[in-house]
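Engineer: Coordinates for the following, if possible.
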Amino acid sequence: MLSVEQTSAERAPMPQEQEWAGPEALCPGWLEDEASDGDLPEDSGDPDGATQAYELLQSTLHQEGLPHTLDRSAEPRTGFGPLDMTVCILGSPTAFLPVLLEGGTRCPGAMVLCLSPTWASRVPSETSPGAWSLLLSRGVSFEAGGHSTLDTFAPPRRANYVTGTFATGGPEGGWVGELARDLDCPTGGSVLLTHWLEDPLVTRWVLAAHAGLPVPPTLAFVLAPRGDIPTEPVAPGVRLVRLKDPQGQEKLVQEEVGAFLGGAAMEPYSQGLDSSLQQWGVVAPGQRQALAKRLQVAAEAAMAALLATEAKLSPQQRGGTRARTDLLGVDFLLACVDDALELVALAINSQQCLETCLLAENMGRAVGEPPGDLPRLLAEAMLHRAQCHLVEGKDILLIGAGGVSKSFVWDAARDYGLRIHLVESDPEHFAAGLVQTFLPYDSREHRRDEEHAERVTELVRARGLRPHACLSYWDDCVVLAALVCQRMGLRGCSPSAIRVAKQKSRTHQHLQRCCHGRPPPAAFAVPCRRLQSHGDVERAAGSVPFPAVAKLEFGAGGVGVRLVENTGQCHQHAARLWRDLRDDADHPGIGLGWGNAMLLMEYVPGTEHDVDLVVFEGRLLGAWVSDNGPTRLPAFLETAACLPSCLPADRQAQLVRAALQCCLACGLRDGVFNVELKLGPAGPRLLEINPRMGGFYLRDWIREVYGPDLLLAAVLVALGTPPVLPARPAPRGHLAGVMCLGSEHGWTLGGGGGLAALQALQSRGLVRLNRLFEETAGDGEYEEPCLSVACSGETRAEACLRLLGLCQALGIDSPRYPVEHFLSHFK
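Structural biologist: Modelled structure (predicted):
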C-alpha cells in the first residue's frame with residue numbers, strides 16, 4: 001500500500017549561477033604534494049565535502065589495489081578543443097568508480113570525476129538557447145591501467161556527457177542536481193527523473209498498463225492532482241484513490257484498506273528467487289535458461305515502457321531537454337500462481353541498481369568469479385552518447401550522394417545533427433533539399449579527378465565553407481574525396497592508397513610484393529591481369545589459370561562479373577562488355593567513369609564473406625563478418641546473406657586478420673572499409689577492397705545486430721576521433737536475407753502486391769527491407785538487385801526458416817530463383 005503526496009513542482013532555491021563558477025582549490029595547501037596514503041590533513045573549511053570525497057576515493061583505490069591519484073593540478077592542462085571528448089561524473093567517487101576505470105582504459109583521459117561544485121561552472125549555451133554548458137576547471141581524470149590524476153583545466157574543459165549521483169536526499173544531491181540541470185549536452189538522468197523513476201505508484205502503473213507485467217496488488221491514496229499519471233489510471237493490480245481532503249475521510253480509507261487486505265491476490269508473494277527455484281524443482285539447465293529468457297524479455301518490456309512514458313514528460317519534468325534515463329534496474333519477484341511460475345515486477349531504480357550490481361561483482365571477485373560486463377557496457381554507453389554530442393553541428397563535406405540505397409545518410413545526418421555540404425554530379429538529385437549546402441558539380445569522368453579536386457576545393461572556399469571533415473560513401477567518388485581532403489588539409493587516407501585499393505588488379509599486384517608479416521599480405525593476393533584489348537586476353541591466359549573470373553577493373557555491385565572456362569569465353573565476354581558498357585551513361589554507379597578496362601582473375605573456390613572494418617591510425621577498432629550465399633553461376637550477383645557469420649570464431653578471426661593486413665599494406669590506415677574475401681581450404685583469399693563503408697544492407701544489419709553505426713564511425717574517424725565500439729560485441733539476434741531482381745520478381749513485387757505486403761510486414765517489425773534502386777537497374781547480365789528482404793530470429797535456423805517461408809508465400813522463391821539453395825550455406 002502506498003501513500004503518495006504531491007511534491008512541489010518548484011525547484012529548491014540554490015546559489016546563483018555565478019557562485020558556482022571558478023577554479024578554486026579544494027582547500028589551501030593540502031593538494032600541493034601527491035598523497036602517498038590517501039590521508040589528508042583535517043580541514044574544517046570543507047563545506048562541500050570535497051576533502052572527504054577525495055579521501056574516500058583514495059581509500060577505495062587502495063582497496064582495489066590501484067595507485068593513488070597523482071596531483072598534477074599545479075600545471076594546468078591546456079589544449080582541449082571542440083573535438084575532445086569529456087564524460088563528467090558528478091558527486092560520489094565510489095558509485096561510478098568501476099565505470100570510470102573502464103572508461104579510462106577505453107578512452108584515456110576522457111572520464112573526469114567532479115567532486116565539488118567549485119570545480120565546475122555553468123555558462124549560457126552557445127548552441128541551445130535557454131540551456132547551459134558545463135565547464136570543468138578541475139577534476140580527477142582516469143587513464144589506462146587504473147591510474148588517475150587530479151588536474152586543473154585552463155581554459156575550462158567543456159563536458160560532452162554528464163551524469164552523477166542524483167539520489168534524492170543524498171549528501172551530494174543538491175549541487176549535483178543543480179549543475180546537471182538544463183544542460184546542452186546529453187545528461188544521464190537528473191534529480192527529477194530519479195524521483196520519478198523511483199516513485200512506486202508511477203512505475204507500477206507504467207509496468208502494468210504499458211509493459212503488460214504483473215505487479216503486486218497496490219493501493220495508493222493521493223491528496224492532490226498529479227501530472228505524471230492519468231486522472232483515472234487503468235492498470236491491473238493498481239488502485240488509486242483520490243482524497244479531496246484528508247480530514248473526514250477515515251471511513252473511506254478503512255473500507256479501501258479492508259477490501260485491499262482481504263483480497264486473495266496478496267497470497268502468492270512470499271519468497272525470493274533461489275528458495276523458490278529449489279522448492280519448485282527448477283534445477284534443469286533448460287528450465288533455468290527459459291526463466292532467464294523470460295526475465296530478459298520482461299526487463300526489456302519494462303525498459304521500453306518506462307522510456308516511452310519518460311519521453312512524454314516535458315523538459316521541466318525531466319530536468320532538461322537533453323536529460324534521459326540511461327541506466328535502470330527492475331526488481332522482480334518470482335511467484336507461484338496456480339502451480340505456474342509468474343514474474344512479478346516490484347519496483348524500478350537507477351543508482352541503487354548500479355551499486356547493487358557492482359557490489360555483487362566485487363564480492364564475486366573475492367571467490368574467483370570473472371569480472372562482469374556492467375562497468376564496460378555503461379562506460380561504452382556514456383562514451384557513445386558523448387561522441388554523438390561531439391559530432392553535433394560539425395560541417396561535413398560529402399562527395400557524391402549515391403542513389404536510393406544511400407537514403408539513410410540523410411536521415412542519419414539529421415539525427416546526429418551533422419551539417420552536410422554535398423558535392424553531387426546530378427543537379428536534380430533528390431538530396432539537394434535535404435542538406436545544408438548543395439554544390440552541383442559534374443565529376444563523372446573520374447580519370448580527371450585531379451582537376452575535379454581543384455575545382456571542388458575552389459567551389460567550397462568560394463562559398464565560405466570550412467568543413468571539419470570530408471568523406472564519401474559512394475564507390476565512384478572515393479579517390480576524389482581523398483584528393484579534396486589532401487588539398488584542404490583534412491584527415492583521410494592518402495590518394496595513392498585509395499587508388500591502389502580502388503583499382504582491383506593494382507590491389508593484388510601491390511599485395512604480391514608485400515612479403516613481410518605473419519602471414520604476409522602476399523598470401524592473400526590472387527593472380528590477375530589487366531585487360532584493355534583482346535591481345536591482353538591472350539597474354540593473360542598464359543599466366544592466369546582457367547576457370548577464371550573476368551570483371552570490370554573499377555566495377556561495383558557485381559555487374560559484369562562472369563566465370564569463364566577458357567580463352568574463347570573470355571574473348572566473348574570482353575567483347576560484349578566493351579560494346580555495351582563504355583561510359584557512365586551506359587550504367588551509372590558501377591565505375592565506368594574510370595573507363596571500362598577489365599581484369600582476369602584466378603577463380604578461388606570456397607565460401608564468400610564480407611568483412612567490415614573500422615581502422616584508426618592503423619589500429620583495428622571493430623570488425624564484423626557476414627556470409628554470402630552461393631551465386632547463380634556463371635554470374636556472381638549476390639543472392640543471399642546472413643549476419644552473424646556461421647563460421648567458428650577462429651575462422652572469422654582469419655578473415656578479419658587477412659582483411660586488416662590487406663588494408664594496411666595498401667596504406668588504408670584511417671577509415672571504414674569493406675573487404676570481400678573467399679575462405680577455402682588454403683585459407684582466406686582477397687577478392688577486392690572497397691575503401692568506403694559497406695554498401696547494400698550492411699550498415700543497417702550491423703547496426704541492428706550489434707549496435708554500432710558504420711556511418712557515425714566513418715564521420716568520427718574523419719574528424720580525428722577514434723570511435724568507441726563494443727569491446728566484446730555480442731549479437732542481439734540473427735538476420736538472413738535474400739536479394740530480389742526486377743527480372744525475376746518485378747511482377748511479384750509490383751502487380752502481384754508483394755512489395756505492399758512486405759512494407760506492411762516491415763511496419764510490424766517482422767521483416768527488414770533495404771531498397772537498393774527505385775527501378776530495375778540494368779538488364780540481362782548487367783542487372784543489379786533492387787531490394788533486400790531479411791528476417792530475424794533468435795537463431796540462424798529460425799531466421800532462415802522464416803525467410804524461406806516468406807519467400808515461398810510471396811512467390812520470391814521459384815525454380816529459377818531457388819531461395820532454399822541460396823540459404824543452404826548458412827549452417
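
Engineer: what about stretch 548-561, how long is it end to end?
Structural biologist: 11 Å (Cα to Cα, to the nearest Å).

Engineer: now that stretch, how far from the centre of its chain.
Structural biologist: The chain centre lies 32 Å from the centre of stretch 548-561; the measure is Cα atoms, centre = their mean, to the nearest Å.

Engineer: would you say residue 156 is within a helix?
Structural biologist: No - counting by DSSP: H, G, I helix; E, B strand; the rest coil, residue 156 is located in no helix; its state is strand.

Engineer: Name the next helix or strand downstream of the worst-scoring helix or strand of the chain on mean pLDDT, please.
Structural biologist: Lowest on mean pLDDT, DSSP states H and E among the helices and strands of the chain sits helix 17-20, with a mean of 32. Heading C-terminal from helix 17-20, the first helix or strand you meet, by DSSP states H and E, is helix 50-63.

Engineer: Give the other helices and strands that that next one contacts.
Structural biologist: Helices and strands touching helix 50-63, by 3 or more Cβ pairs under 8 Å, 6 or more residues apart in numbering; DSSP states H and E, are helix 97-106. C-beta: built from backbone N, CA, C; applies to glycine.

Engineer: If you count contacts, what does the helix it packs on end up packed against?
Structural biologist: Judged by 3+ Cβ pairs under 8 Å, 6+ apart, helix 97-106 is in contact with helix 50-63, strand 87-90, strand 111-114, strand 132-142, helix 374-391.

Engineer: Walk me through which strands the helix or strand where residue 791 lies pairs with, and which way each runs.
Structural biologist: For residue 791, the element it lies in under DSSP H and E is strand 787-793. Sheet pairing of strand 787-793 (DSSP bridges) gives strand 734-740 (antiparallel), strand 768-771 (antiparallel).

Engineer: now the first one: mean pLDDT?
Structural biologist: Confidence over strand 734-740, taken as the mean pLDDT, stands at 96.

Engineer: Over to stretch 787-801?
Structural biologist: 96.

Engineer: in that stretch, what counts as buried?
Structural biologist: Across stretch 787-801, burial judged by 16 or more other Cβ atoms under 10 Å covers 787, 788, 789, 790, 791, 792, 793, 796, 799, 800.

Engineer: Check stretch 234-242 too.
Structural biologist: Of all the residues in stretch 234-242, those buried under the rule 16+ other Cβ under 10 Å are 235, 237, 238, 239, 240.

Engineer: Residues touching that stretch, excluding its own?
Structural biologist: 201, 204-205, 208-209, 214-223, 229, 232-233, 252-253, 256, 260, 265 (Cβ atoms under 8 Å, 6 or more residues apart in numbering).

Engineer: Any idea how far that stretch is from the middle of the chain?
Structural biologist: Distance of stretch 234-242 from the chain centroid (Cα atoms, centre = their mean) equals 39 Å.

Engineer: again, but for stretch 352-359
Structural biologist: The answer for stretch 352-359 is 25 Å, by Cα atoms, centre = their mean.

Engineer: So which bits of it are buried?
Structural biologist: Of all the residues in stretch 352-359, those buried under the rule 16+ other Cβ under 10 Å are 352, 353, 354, 355, 357, 358.

Engineer: quick one: contacts of that stretch?
Structural biologist: Under the contact criterion Cβ under 8 Å, 6+ apart, stretch 352-359 has outside partners 95, 96, 98, 167, 198, 327, 328, 329, 372, 374, 375, 378.

Engineer: most centrally placed residue in this structure?
Structural biologist: For the chain, the residue nearest the mean C-alpha position is residue 708 (2.6 Å; Cα atoms, centre = their mean).

Engineer: residues touching that one, list them.
Structural biologist: The contact partners of residue 708, taken as Cβ under 8 Å, 6+ apart, are 614, 622, 702, 723, 725, 726, 729.

Engineer: And these, which is closest to residue 192?
Structural biologist: residue 726 (30.8 Å; Cβ to Cβ).

Engineer: Now the closest one: which helix or strand?
Structural biologist: Counting by DSSP H and E, residue 726 is part of no helix or strand.

Engineer: Residue 623 now?
Structural biologist: Per DSSP H and E: strand 619-628 holds residue 623.

Engineer: List of residues touching that strand?
Structural biologist: Contacts to strand 619-628, defined as Cβ under 8 Å, 6+ apart, come from residues 607-615, 638-647, 652, 655-656, 659-660, 698, 701-702, 706, 708, 713, 722-723, 725-726, 729, 825-826.

Engineer: could you flag which of those are buried?
Structural biologist: Counted by 16+ other Cβ under 10 Å, those give 607-615, 638-647, 652, 655-656, 659-660, 698, 701-702, 706, 708, 713, 722-723, 725, 729, 825-826 as buried.

Engineer: Go through those residues and flag which are in helices.
Structural biologist: Within the buried ones among the contacts of strand 619-628, residues falling in helices by DSSP state H are 652, 655, 656, 659, 660, 698, 701, 702, 713.

Engineer: Quick check: the two most widely separated of those?
Structural biologist: 660 and 701 (20.6 Å).

Engineer: hang on, the earlier thing: restricting to C-alpha, output the strand holding residue 791 in CSV.
Structural biologist: What follows is strand 787-793, C-alpha atoms only, in CSV (Å, rounded to 0.1, in the frame of the first residue of the first chain):
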residue,chain,number,x,y,z
LEU,A,787,15.6,-5.0,-53.0
SER,A,788,17.0,-6.9,-50.0
VAL,A,789,14.4,-8.8,-47.9
ALA,A,790,15.5,-10.1,-44.5
CYS,A,791,14.0,-11.9,-41.5
SER,A,792,15.4,-12.1,-38.0
GLY,A,793,15.4,-14.9,-35.4
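
Engineer: ok so, going back, rebuild the ones in helices among the buried ones among the contacts of strand 619-628 as JSON lines, extending it with pLDDT.
Structural biologist: Formatted as JSON lines, these follow (pLDDT from 0 to 100):
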{"residue": "652", "pLDDT": "97"}
{"residue": "655", "pLDDT": "98"}
{"residue": "656", "pLDDT": "97"}
{"residue": "659", "pLDDT": "98"}
{"residue": "660", "pLDDT": "97"}
{"residue": "698", "pLDDT": "96"}
{"residue": "701", "pLDDT": "97"}
{"residue": "702", "pLDDT": "97"}
{"residue": "713", "pLDDT": "97"}
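
Engineer: Closest to residue 342 out of those?
Structural biologist: Distances from residue 342 to those, taken by Cβ to Cβ, are shortest for residue 701, at 36.2 Å.

Engineer: I'd like the distance between the nearest residue to that closest one once chain neighbours are set aside and residue 628.
Structural biologist: Sequence neighbours aside, residue 643 is the residue nearest to residue 701 in space, at 5.0 Å (criterion: Cβ to Cβ, 6 or more residues apart in numbering). Residue 643 sits 11 Å away from residue 628, going by Cβ to Cβ, to the nearest Å.
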